[in-house]
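*Asks:* give me a 3D structure for the following:
(4 chains)
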Number of protein chains: 4
Amino acid sequence: MKLEGRVVIEEFDCEALRGNPLGDPHRRPIPVYVPPGYDESGRRYPVIYWLHGWGGTGLRETNYNPWIPSLPELIDRVIREGAPPAILVMADVFTTYGHSQCINSSATGRYEDAMKELVAYVDARHRTLPSRDHRGLNGKSSGGYGSLVLAMRNPQLFGAVASHSGDMYFEAAYKADFWRAVDVIRKHGGLDGYLRAWREAPKKTDELVRPMVTVVCMAMAYSPNPQRPHGFDLPFDPETGEVDEAVWARWLAWDPVVMAERYAESLRTLRLIYIECGSRDQYNLHHGARILRGRLARLGIRHEYQEFDDDHTSVNYRYVESLRRLCAVLRA
Amino acid sequence: MKLEGRVVIEEFDCEALRGNPLGDPHRRPIPVYVPPGYDESGRRYPVIYWLHGWGGTGLRETNYNPWIPSLPELIDRVIREGAPPAILVMADVFTTYGHSQCINSSATGRYEDAMKELVAYVDARHRTLPSRDHRGLNGKSSGGYGSLVLAMRNPQLFGAVASHSGDMYFEAAYKADFWRAVDVIRKHGGLDGYLRAWREAPKKTDELVRPMVTVVCMAMAYSPNPQRPHGFDLPFDPETGEVDEAVWARWLAWDPVVMAERYAESLRTLRLIYIECGSRDQYNLHHGARILRGRLARLGIRHEYQEFDDDHTSVNYRYVESLRRLCAVLRA
Amino acid sequence: MKLEGRVVIEEFDCEALRGNPLGDPHRRPIPVYVPPGYDESGRRYPVIYWLHGWGGTGLRETNYNPWIPSLPELIDRVIREGAPPAILVMADVFTTYGHSQCINSSATGRYEDAMKELVAYVDARHRTLPSRDHRGLNGKSSGGYGSLVLAMRNPQLFGAVASHSGDMYFEAAYKADFWRAVDVIRKHGGLDGYLRAWREAPKKTDELVRPMVTVVCMAMAYSPNPQRPHGFDLPFDPETGEVDEAVWARWLAWDPVVMAERYAESLRTLRLIYIECGSRDQYNLHHGARILRGRLARLGIRHEYQEFDDDHTSVNYRYVESLRRLCAVLRA
Amino acid sequence: MKLEGRVVIEEFDCEALRGNPLGDPHRRPIPVYVPPGYDESGRRYPVIYWLHGWGGTGLRETNYNPWIPSLPELIDRVIREGAPPAILVMADVFTTYGHSQCINSSATGRYEDAMKELVAYVDARHRTLPSRDHRGLNGKSSGGYGSLVLAMRNPQLFGAVASHSGDMYFEAAYKADFWRAVDVIRKHGGLDGYLRAWREAPKKTDELVRPMVTVVCMAMAYSPNPQRPHGFDLPFDPETGEVDEAVWARWLAWDPVVMAERYAESLRTLRLIYIECGSRDQYNLHHGARILRGRLARLGIRHEYQEFDDDHTSVNYRYVESLRRLCAVLRA
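*Replies:* Now for the predicted structure:
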C-alpha cells in the first residue's frame, strides 16, 4: 500500500460503548487517514467519516487486497487526482453479530452516541475543520444506511452524506428474506440454538450469515426489547414465519424511505446527498435506492443519484465517486 | 400406463369460458378416470375433482413419465390397495399465461363458474353420486389453492377438500419474489415487453417463468382492472418496485389464511380438510401451510396437516395421501 | 394435440430384449406417427426413427405440454409447412437406470439389435419405403448419440442421420463430472448403496440423477463386465476418484469423435449428417459438437452443423430443423 | 490483532524476480512473525515458510477479519497453547494473474529461485536455526501445492512440509474445469481479449476469476512457451475445447500425485508430511488428496492425512493443525 498521505491507527476508548450489552470492546482501533501535506501545512482539514458494512470493522477497511483497493488507497488516489484534501476516519460500528446499524439500541449499545463521541475525539486530536459544513458521512451497505440515518438525525454535526448500496426499503431488503431466515433458525432449534451456532462456528458459513444480515442484527437494532431473553423481538413468529405487524412497524420507523419525510428539514440543509446502488443488488437495495430517490424528488430535496451495472459485492472501485464529491463540498 | 380402471377424455365445451378475454379455448379435453368395476357395476360413484398446478392442464396429468406416476396411475393404485372406488376428474384451469387460480376474473375468464359448470357436466355424463357429500376437491400448488378457495366459496357443491403445496400466505409466497420480478419485467422494457417476450419465446426459460408464477398470473386473478391496458393492476410500481398497498390489499382478500375466518362456516361443514406441504418449498409455501393450520386450529375447524421433507417439485408420490383420504370420506 | 396426421401406439414385442439383464420389459409401446394422407394414398413413405434422451421413452415423446411441442406435433407441423411426408417412429431404448445408449451391452441388453428388429417390425406393419435411402435416424442427447452410432455401424439400414445435442467428446461430456459422481456414490456408501437409493427413491432428485446420466448408465453401456457384481466396471476408483485408464479407454472406443475416423466409410455414404448443439450446453456437448465437426471436415465428410444460443434443456423447438431436412433427403 | 509475538514487515528485494516477464514487482513486503521471547532470549528459532493461495500475497495473510484468524494470530495462538516457538515467514509468490505456483517459469518468473533466495535472506536477518531440519514449508491451495513441490525438489533446504487443500490430481482439479474456461475465453474473443478483460476489470468477477485459477495461471506455470504471444501454451484448442495431449503431458509432469514417485527419495527424508483437505472441496482437491495419500502409502513414505467436513473456502481455522505439528518437529 503506497500512499502519499498516511494512516495512523487511533485507540479510541469510547465512553458510550462501555458496558454495552453484547460485551463488545469499548476500545476500538480507528484508522485515520491524513492527506499528503498534513504534517507540514499546519492547515485544518475537513473530515469524512466512513462507516463499514456488515461484518466489517474500521480496521478491515485498511486490509490489503491486490485487486480491491482499500479505503486509504481510494481517498489517496482521489486526492492525488486533484480533489481537495480531507481526513478520512474509518469508524467502527461492529458488534459480535456483525453490525449495529449505527444506532442506539438497548440490545447492542449506543452506537449513534459512539459516533458523536468519535467526532469530538477526532476533532480533539487532529487538525480538523470542526464544523458540520466540513464534516461528511459515507458508508457502504449497513454503513451506507448509517450515513443517511446519522445525517438525518444529526444535522448539527454533519453537512454532507453519501451512501453506497445502503439498506433501505426494508420491505424488499429484509422482509423478502424472512422465510429463508425462519428455515435456518428452525434448523438450529430456534433463536437460542441459532445464536449459539453462530458464536461457536469456527467458520461463519453463508447459511449462518444470511439470517444474521437480514434479520437478527436488524432486530437487535430496530426492535430491541429488554424484556426478551436475547433483548430483542423478532419480526416474525419463528415457528410459522408469520410476520409480527407490531414489530414490523417498529422496523419501518427506521427505514430511510420512511424517515425521509420526517427528517426532510435536516436533509434540506445538507450540501451533498449522494446515493448510489448497483442495479443487480442481491439484497434488492437498488429498488430501495430508486424509491428513496423518488421520495427526495417529491420532497424537493436536492440530491445526486447513480446506478451502475453491478451487484452488492466488492464495489470498492465505486467509492471514488462519493469521496471525490465529498472532498469537493466539504473543503474550506 | 397399466390401469385397472380406465381414462376417457371428454371434450368439455364450457359456456363460462366462451369469449374469455385471453382468447383461451372454451373447449377443453378433460380426462376422467373411472374406477375398476364401473362398467359392470351399475353403481354410482363419488367424484374427486383434481386441479393441476401452474403451467399444467387436465391433459398433462395423464402424461407418462417412468419415474413420476400420473394422476390416473395414482388413483388406480390407491383403489387397488383398498380405497373405496371414486371417479377422478382432471379439470382444466389453464390460461395462456399459466393458470387462472380457479377464480372468476375479468382479466382471464370465469374459471370458478367453469368449475361449477364442469360439475354439472360430469354429473350428467357419468354415474356419479351427485351431491356435495360425495364430491371432493384436490390439487397441487395453484390447484391446491383453487381447491381450498372453491371449497370455501361453494360448500353446497363440495364436501371435502385437499391441498398439496397450495398457494397461501401471499406475503411469503408472492411478495418475497416481487423484486426479482421487477428486475425481469424492467429488463424486457416493462410489462408490455415482458408479456410479448413470454408469448413469443419458443422456450419458456426459468427467468421468464418465475415472474409469471409469482406476479403476473396472480395479478390477473386477484387484481383485475378492465381500465388498464392488459386488464389488471400490478401490485408494485414497475419502475421502482414500491408495493402498491391498495392493490396488495385486493390480493390479500384472496389469501386462504385471510379467507379462513370469513369462510369459517363453510369450512366447518367439510368432511375432510387435508393440507400438506414440503418443508423446503421453494415458494415458502410451508410457512403458509403452518399459518393456515394455526388459523384453523384457532377457529376450531377440524383438519389434517402433514409436512414432509421435500420441496415443491415433482411431489406426485405424495398424492396418494389425499386420494386415499378423499376416497374414504366421499364413499357412499 | 391437433394433428393432420395421426399417432398409433404399437405394442412392440422385442425378441432382442427378452431376458435382458435388468429385467426391463421386452414389450414396449412404440408411438408411430403416420402423415396426413397415409390412409388414403396407398403410397409408401420414408421413415424417421427418433431416439429419446436419458430418462425418456418412446411414449414420453407424445406427452402434452402447452409450451413444449411433442414429436408428433413437430413432425406434423413440418409436413404441414411443406416438407415431404414421412412416418416418424418413436423408438424406446429406456432402461431402469435411464438409457441404454442404443448399443448392445451385457449389462443392459441388446439395444442395437432391438433397433434393427424394430426396423423390420415397422417395415412389416406399415407402408414404408423399406430401404436405407428412405430411412433416417434422429435423436436428442443420449438419443442423438445413438443416432450417430447406429448410423455409423449400420450403413446398410440407415441413409441419413441427425443429432440434437448428442453425447460426444466424452472427456468433456462425462469425465468432467466424474468427481461429483464419486462424491454422491460415496455418500450412499458405494455403488451398491447408490443403486439401491436410486431404485427406492420415490423421487429421483437432481443429486441422484446426475451421476446416473454422466457415469452409471454410461458404464453399463461402454464398460460392461459380467464378472462384476453389477455387471460393469466404473471408470474410476470409487474410493479415491482416480481414473481407471483401462476402463476409460473402453469408453473412448465408443466416443463419436473417436469413432468418426473408424467409420468414415459409413459416414461418407450418408445423404445427410445434421449435427447441432446449444452453445451453453450444461454437459459441455457444444465442445464435442465442434470437435466432431472438425473431424468430419478433416475427413472430407459432408455434413451440416448448427449452433444456437441455448442450453441442453427443452430444445424441442429445434427439432424442426432436423425433421425438415430428413423429410427432404429421405423422400421417394 | 493482539499478539504475544510480533510481526515485522520486511522489504525483500528479490534478485530472482528482477526483470520478470510479467513486470511484477521484485521488491515485496514479507511479513515475518517472531514468537514471544524472541527479543529477549538470544536463541535461534526454527522457521516455517507459509505460501499463500491464489490471489493472495504475503501481506494479505496479516489482514484483519473479525471471524477469520490471520496467520500471525494462528501461529501466536498455537505457541501460546504450548507449541515450541517458531518464526513464521509469509512468503509472496503472487503474480498479476494471481499465482506463480511457486515454480520457475519463463512465462511468469523464477519463483522457485525466489523462495530459495528468501530462505537465505531470512537466515541472514533473523536468529534462525539455519538448517533444513529446522525449516518447514506450509501453504494453502496453490500454496499447499507449492509447499509439496518445493519440498520434493529442495530436500537440502526443507525438512518438513504441510499442505492445506493443495492442488493435486490435475485431472480432477483443473481439467474438469477446462470447458467452462473455454466458454469464458471465447466470450471475450479469445485469450488476448480475456487477458485484457482481466487486467482492465475494476472488479475481478467470479466469471473472470475461475478460468484464471484453473487454466491460465496453471498454463503460465506448467506449459510456458516463449514462442507464443503470451508466453505459454493453453492445454486445449480455445476454439473447440479439444485437449492438447502434448501440453497436457507437460502439466502432468508437475502434478504432485505424479511427482511423488520421482521424488520419493526426497519425500522419505522429510520429518513431517502433513496433508489435509476438506471433503467437499469445490476444486475436487479431496480426490487428489486421497490419491496422493494412496501413492505415499504404496511408496512406504510416512505421512499424516486428515480430511474434514468443509469446502475450499475460509478454512484458516484448520491451519492450527499443521502449525502445531510443524512447530513440534522443527524445534531444536
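
*Asks:* wait, what's in contact with A:Tyr222?
*Replies:* A:Gln101, A:Ser105, A:Arg250, A:Trp251, A:Ala253, A:Trp254 (C-beta atoms under 8 Å, 6 or more residues apart in numbering or on different chains). C-beta here means a position set from N, CA and C on the backbone, and glycine is covered the same way.

*Asks:* tell me which of the residues you listed is nearest to D:Leu17?
*Replies:* Of all the contacts of A:Tyr222, D:Leu17 sits closest to A:Gln101, with 46.0 Å by C-beta to C-beta.

*Asks:* confidence score at that closest one?
*Replies:* As predicted, A:Gln101 sits at a pLDDT of 98.

*Asks:* would you say it is within a strand?
*Replies:* No - counting by DSSP: H, G, I helix; E, B strand; the rest coil, A:Gln101 is not part of a strand but coil.

*Asks:* burial count for it?
*Replies:* When counting by other C-beta atoms under 10 Å in any protein chain shown, one arrives at 26 neighbours for A:Gln101.

*Asks:* A:Met218 is in contact with that one, correct?
*Replies:* Yes - with contact defined as C-beta atoms under 8 Å, A:Gln101 and A:Met218 form a contacting pair (7.0 Å).

*Asks:* hmm, A:Ala264 is touching A:Leu299, no?
*Replies:* Yes - between A:Ala264 and A:Leu299 there is a contact under C-beta under 8 Å: 5.0 Å.

*Asks:* quick check: closest non-adjacent residue to the closest residue to chain C within the stretch 1-150 of chain A.
*Replies:* Chain C sits closest to A:Trp67 of the stretch 1-150 of chain A, with a gap of 27.4 Å, by C-beta to the nearest C-beta. Of all residues not flanking A:Trp67 in the chain, D:Lys204 sits nearest, at 5.0 Å (C-beta to C-beta, 6 or more residues apart in numbering or on different chains).

*Asks:* how about that neighbour, secondary structure?
*Replies:* Applying three-state DSSP: D:Lys204 is coil.

*Asks:* what pLDDT is listed against it?
*Replies:* pLDDT at D:Lys204 comes out at 98.

*Asks:* if we can go back for a sec, just the element for the residue of the stretch 1-150 of chain A closest to chain C, please.
*Replies:* Using DSSP states H and E, no element contains A:Trp67; it sits outside every helix and strand.

*Asks:* check the residue lying closest to A:Gly190 once chain neighbours are set aside and give its pLDDT.
*Replies:* Leaving aside its chain neighbours, A:Gly190 sits nearest to A:Pro238 (6.1 Å; criterion: C-beta to C-beta, 6+ apart). Each residue has a pLDDT score; the one for A:Pro238 is 96.

*Asks:* ok and the residue in chain A nearest chain C?
*Replies:* Counting by C-beta to the nearest C-beta, chain A gets nearest chain C through A:Glu207, at 17.6 Å.

*Asks:* what helices or strands is the host helix or strand of A:Glu265 leaning on?
*Replies:* Assigned by DSSP H and E, A:Glu265 falls within helix A:264-269. When contacts are defined as 3 or more C-beta pairs under 8 Å, 6 or more residues apart in numbering or on different chains; DSSP states H and E, helix A:264-269 packs onto helix A:142-153.

*Asks:* any part of the helix it packs on near chain D?
*Replies:* No - Helix A:142-153 lies out of reach of chain D by C-beta under 8 Å from any C-beta of the partner chain, never closer than 14.1 Å.

*Asks:* so which bits of the helix holding A:Glu265 are buried?
*Replies:* Buried residues in helix A:264-269, counted by 16 or more other C-beta atoms under 10 Å in any protein chain shown: A:Ala264, A:Ser266, A:Leu267.

*Asks:* what's the following helix or strand after it?
*Replies:* strand A:272-278.

*Asks:* so how far is that next one from its chain's centroid?
*Replies:* Relative to the centre of its chain, strand A:272-278 is centred 13 Å away, using C-alpha atoms, centre = their mean, to the nearest Å.

*Asks:* with stretch A:113-132 instead?
*Replies:* 18 Å.

*Asks:* how about it, which residues are buried there?
*Replies:* Applying 16+ other C-beta under 10 Å to stretch A:113-132 flags A:114-119, A:121-123, A:126, A:128-130, A:132 as buried.

*Asks:* which residues in chain A form strands?
*Replies:* A:6-13, A:27-34, A:47-51, A:87-90, A:104-105, A:109-110, A:135-139, A:160-164, A:272-278, A:304-308 (DSSP state E).

*Asks:* save those strands as TSV, and put in mean pLDDT, distance to D:Thr95 and mean neighbour count too.
*Replies:* Output for the strands of chain A, formatted as TSV (pLDDT from 0 to 100; distance: least, C-beta to C-beta, whole Å; neighbours: other C-beta atoms under 10 Å in any protein chain shown):
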stretch	mean pLDDT	distance to D:Thr95	mean neighbour count
strand A:6-13	98	27	15
strand A:27-34	98	29	20
strand A:47-51	98	31	27
strand A:87-90	98	30	27
strand A:104-105	98	46	20
strand A:109-110	98	44	24
strand A:135-139	98	33	29
strand A:160-164	98	30	29
strand A:272-278	98	29	24
strand A:304-308	98	29	15
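
*Asks:* can you list the ones you listed in a markdown table and add distance to chain B?
*Replies:* Formatted as a markdown table, those follow (distance: least, C-beta to the nearest C-beta, whole Å):
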| stretch | distance to chain B |
| --- | --- |
| strand A:6-13 | 38 |
| strand A:27-34 | 35 |
| strand A:47-51 | 25 |
| strand A:87-90 | 31 |
| strand A:104-105 | 26 |
| strand A:109-110 | 31 |
| strand A:135-139 | 22 |
| strand A:160-164 | 17 |
| strand A:272-278 | 12 |
| strand A:304-308 | 11 |
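
*Asks:* wait, which of those strands is closest to chain D?
*Replies:* strand A:27-34 (8.7 Å).

*Asks:* need the CA coordinates for that closest one. CSV is fine.
*Replies:* The C-alpha trace of strand A:27-34 is given here as CSV (Å, rounded to 0.1, in the frame of the first residue of the first chain):
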residue,chain,number,x,y,z
ARG,A,27,-11.7,0.4,22.9
ARG,A,28,-11.6,0.2,19.2
PRO,A,29,-8.8,0.7,16.7
ILE,A,30,-9.8,3.6,14.4
PRO,A,31,-7.7,4.1,11.3
VAL,A,32,-7.4,7.8,10.4
TYR,A,33,-6.0,8.7,7.0
VAL,A,34,-4.3,12.1,6.9
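
*Asks:* so what's the gap between that strand and the chain middle?
*Replies:* Worked out by C-alpha atoms, centre = their mean, strand A:27-34 lies 16 Å from the chain centre.

*Asks:* ok, and what's touching it?
*Replies:* Outside strand A:27-34, the residues touching it (C-beta under 8 Å, 6+ apart) are A:3, A:5-14, A:17, A:45, A:57-59, A:61-62, A:71-72, A:75-76, A:87-92, A:94, A:118, A:122, A:126.

*Asks:* what does chain A put close to chain D?
*Replies:* A:55, A:57, A:59-60, A:63-68, A:94, A:202-204, A:310, A:314-315, A:317.

*Asks:* quick check: mean pLDDT across stretch A:147-154?
*Replies:* 98.
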